[in-house]
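Novice: Could you look at this predicted model? Sequence included:
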Amino acid sequence: MTTPAEDPPQTPPEPPATPANTPTERPGTRANAPTERPGTRANAPTERPGSRVDASTELPAPPADGSPERPVLRGAAGAERPVPPADGPAERVGPWVEDGGEGGVPLQGEELRGLVVSAGEEARPDGRVRRLHPLTFVVGAAREMAALVGAGATGLLVGGMSTAFYFALIGLAFGLAWHVATWAIFTYRVHEDRFESRRALVGRTVKSIPRERIRGVDISSTLGHRLLGLAIVHVDAGADGGEIVLNAVSLREAERLRRVLLARARVTPSSGPRRRRLARIRRRWFLYAPLSGAYLLTPFALAGSLLGTLYNLGDDLGLITRDRVEHLGRDAAGLPTGVVVLVILLFLTAMPIASVIVFTLFNWDFTVYERDGSIVAERGLVTRRSVALERRRVRGVELSDNPFERLAGVVRLGALVTGLGDAAHRGRLLPAAPREVAVALASGVLGPVPGPLITHPQAARDRRLVRATMPPLLAAAVWLAVGNLWLTGLCLVAAVAAVPLGLDRYRQLGHADDGVRLTVRSGSLRRRQYVVEHGAIVGWRVRRTLFQRRAGLATLHAAVGAGEGGCAAVDMSESDALALAASITPSWITPFLD
């Protein structure tokens, strides 16, 4: 191989000077100067199959009228095509290159081919039969090894080299063989119209999901998967369509599968994947965890699980007997009062601390971003999970909170997605955040949230008060009839305490409509506000009980094929309910009003 000094590059003859190809120098750009790149001869003509790039491409002169210049795509034949604007529709440009790709230098053939492959080929189904990563059996065996080694260690401590220890070793060997066999018989591939997985040993099991029914592709990584550079892929086909789980694939393959399975349009070099961050959790928001009952009660769940595990293990090993349990009960009953109070205080102190720890483990670095037409939410510290929701299937959002979160101005945000399974967890967009942040994210995902809310009639307040106070009043009447004055007084106190609850439930009622989206709100202990698009509403239901008819009220239920099936505007006036439905879908309601 000769060097450029021994074999000077042959440049093509310079075409006649015309306004289109006259060399023009602009500030900071040398249009005709040779540009050296590593491994590239800039001035040498490059002819490769499928890539016709003119090495003598020159930059056009700026317009004489001073109008903004648009980049030009130029081919070898000298034809020109302006680059579409950034906000316009993308189109395939084939072998064209953009003048000034990097520092005013046209892209060369290999670079152009690499761009096409990275943006187009990987996002196109190829129908190839693929297997899980070869380290699949390592992950499975490591997961089972902890339990098997624990059982073996227990057997070693109790009875030396006993049968239990040998059984643990035999179980470990069978586990390894099982995972190797599972890797060998499991294959998957992506077709143009479906995603398919197969298991073939003695019999054959084929599971196929049409690509149009795929609602989401989730990527999660446990600590073991992350150490090995692997991920778990869940392909969800809706609430009733089932799912396909790939237990261990490489991170690159997981991202490729998500791009391919969620692609609904042809990916082109000019419209490569873009990532735009919409929201990200801040660390001080972790302190909102104790405001949620689910996280606050975590110590009780952990204590119950630990005690149950210890009891079962001790019972299996014969360490727990009736005499020992009675002796432990007598010792606990004989503890000083100060010790009992101290234990209770320590437990109550541990509740908020444990809730923050659990919240951090589940929601560490919670990030929401938009990419390739999908809304992606990533979260988790030990186990990292990434959930992708097709934006075209997001039909609404839900903002929920409780009284403690309302006092702190905190809400939780979820997405209403058509046909999404496990929507409570997979549709979560923010776990706990200031209300203004959640509303801003909802506006970015769906559009502006309608407001302000329209209050409901005063008759709805009376109805809320009756529904809140009636149960304890009825219980007080029953206990009074049987002569139990203590429980009667307790129920009357509960009825008085229910009055503020009824008033708050009335204050939270409301609805609004901006001509594009409908929002309704209700609830107190768990307040929910739904925002849905008009196009997502598939039907109406007007519900009027006997007591609602006497008060002139009605509940308008909008049926939506997402989330829990719809949302309801509770205790509206009858005329307002019909008018609201008629304003959104007049062709459905008007025939029934005539």
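Specialist: Everything's here; your move. Numbers count the residues shown, from 1 in each chain.

Novice: if I pick residue 435, what's in contact with it?
Specialist: Listed by Cβ atoms under 8 Å, 6 or more residues apart in numbering, the contact partners of residue 435 are 399, 409-411. C-betas here are computed from N, CA, C, even on glycine.

Novice: Of those, select the buried ones using a ChimeraX command.
Specialist: The following ChimeraX line selects those of the contacts of residue 435 that are buried, judged by 16 or more other Cβ atoms under 10 Å:
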select :399,410,411
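
Novice: Name the spans of this protein whose pLDDT lies under the cut-off.
Specialist: Within the chain, the ranges that satisfy pLDDT under 70 run 1-124, 141-168, 171, 238-241, 264-274, 313, 315-318, 421-423, 594.

Novice: Quick check, central residue of it?
Specialist: For the chain, the residue sitting closest to the mean C-alpha position, by Cα atoms, centre = their mean, is residue 387 at 3.4 Å.

Novice: Roughly how far does it sit from residue 282?
Specialist: 20 Å (Cβ to Cβ, to the nearest Å).

Novice: quick one on the thing from earlier: got CSV for the contacts of residue 435, with secondary structure too?
Specialist: Below are those laid out as CSV (DSSP: H, G, I helix; E, B strand; the rest coil):
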residue, secondary structure
399, strand
409, coil
410, strand
411, strand
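
Novice: and the two most separated of the contacts of residue 435?
Specialist: 399 and 409 (12.1 Å; Cβ to Cβ).

Novice: Going toward the C-terminus from the helix or strand in which residue 352 is found, what's the next helix or strand?
Specialist: Using DSSP states H and E, residue 352 sits within helix 337-363. Per DSSP H and E, the first helix or strand lying C-terminal to helix 337-363 is strand 367-371.

Novice: can you list the residues that contact the next helix or strand after that next one?
Specialist: Remark: after strand 367-371, the chain's next helix or strand is strand 374-379, criterion DSSP H and E. For strand 374-379, the external contacting residues (Cβ under 8 Å, 6+ apart) are 262, 278, 281, 362-370, 384-391, 394, 415, 428-429, 431, 445.

Novice: Report the buried members of those residues.
Specialist: 262, 278, 281, 362-364, 366, 368-370, 384-391, 394, 415, 428-429, 431, 445.

Novice: Take those and keep only those in strands.
Specialist: 278, 368-370, 384-390, 394, 415, 428-429, 431 (DSSP state E).

Novice: So which of the residues you listed is the closest to residue 592?
Specialist: residue 394 (30.8 Å).

Novice: neighbours of the residue nearest to residue 525 when sequence neighbours are not counted, just the number please.
Specialist: Using Cβ to Cβ, 6 or more residues apart in numbering and skipping residues adjacent in sequence, the residue nearest residue 525 is residue 402, 6.2 Å away. Applying other Cβ atoms under 10 Å, we find 18 residues neighbouring residue 402.

Novice: contacting residues for residue 402?
Specialist: 291-293, 525-527.

Novice: go with 10 Å
Specialist: Residues in contact with residue 402 (Cβ atoms under 10 Å, 6 or more residues apart in numbering) are 291-293, 410-412, 523-527.

Novice: Of the residues you listed - the most surrounded one?
Specialist: Within the contacts of residue 402, residue 411 tops the neighbour count with 24 neighbours, counted by other Cβ under 10 Å.

Novice: surely it meets residue 440?
Specialist: No: using Cβ atoms under 10 Å, residue 411 makes no contact with residue 440, being 11.6 Å away.

Novice: any common contacting residues for the two?
Specialist: 433-434.

Novice: nearest spatial neighbour of residue 200, skipping sequence neighbours?
Specialist: Once flanking residues are discounted, residue 200 sits nearest to residue 185: 5.6 Å by Cβ to Cβ, 6+ apart.

Novice: next one: phi and psi at the one you found?
Specialist: phi -100, psi -10 (degrees, to the nearest 10).

Novice: Confirm that residue 590 lies within a helix, as I assumed.
Specialist: Yes: per three-state DSSP, residue 590 lies within a helix segment.

Novice: could you pull out the strands for the stretch 151-300 of the chain?
Specialist: With strands called from DSSP state E, counting those that start in this stretch, the stretch 151-300 of the chain shows them at 186-190, 194-200, 204-210, 216-221, 230-236, 243-250, 275-280.

Novice: okay, the first one in PDB with CA atoms only?
Specialist: To tie it back to what came earlier, the one meant is strand 186-190. C-alpha atoms of strand 186-190 as PDB (Å, rounded to 0.1, in the frame of the first residue of the first chain):
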ATOM      1  CA  PHE A 186     -35.700 -20.700  23.600                       C
ATOM      2  CA  THR A 187     -35.600 -18.500  20.500                       C
ATOM      3  CA  TYR A 188     -37.300 -15.300  19.400                       C
ATOM      4  CA  ARG A 189     -37.500 -13.100  16.300                       C
ATOM      5  CA  VAL A 190     -39.200 -10.000  15.100                       C
END
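
Novice: Could you list every helix and strand that it packs against?
Specialist: For strand 186-190, the packing partners by 3 or more Cβ pairs under 10 Å, 6 or more residues apart in numbering; DSSP states H and E come out as strand 130-131, strand 194-200, strand 230-236, strand 243-250, helix 251-262.

Novice: What pairs with the third one, parallel or antiparallel?
Specialist: So the one you mean is strand 230-236. Its sheet considered, strand 230-236 pairs with strand 216-221 (antiparallel), strand 243-250 (antiparallel) by DSSP bridges.

Novice: For residue 326, which of those is the nearest?
Specialist: Residue 326 lies closest to strand 216-221 among the strands paired with strand 230-236, at 46.3 Å (Cβ to Cβ).

Novice: Report the angle between the closest one and strand 194-200.
Specialist: Strand 216-221 and strand 194-200 are oriented at 50 degrees to each other (axes from the mean of the first three to the mean of the last three Cα atoms, to 10 degrees).

Novice: Residue 428 and residue 218, how far apart?
Specialist: Distance from residue 428 to residue 218, by Cβ to Cβ: 12 Å.

Novice: Overlap in contacts, these two.
Specialist: What both residue 428 and residue 218 touch, as defined by Cβ under 10 Å, 6+ apart, is the set 377, 387.

Novice: that older thread, correct me if wrong: the residue nearest to residue 200 contacts residue 136.
Specialist: No: judged on Cβ under 10 Å, residue 185 makes no contact with residue 136 at a distance of 11.7 Å.

Novice: more neighbours, the two?
Specialist: More neighbours surround residue 136 than the other of residue 185 and residue 136, with 21 against 15 (other Cβ under 10 Å).

Novice: what sits against that one?
Specialist: 179-180, 182-183, 186, 228, 230, 246-249.
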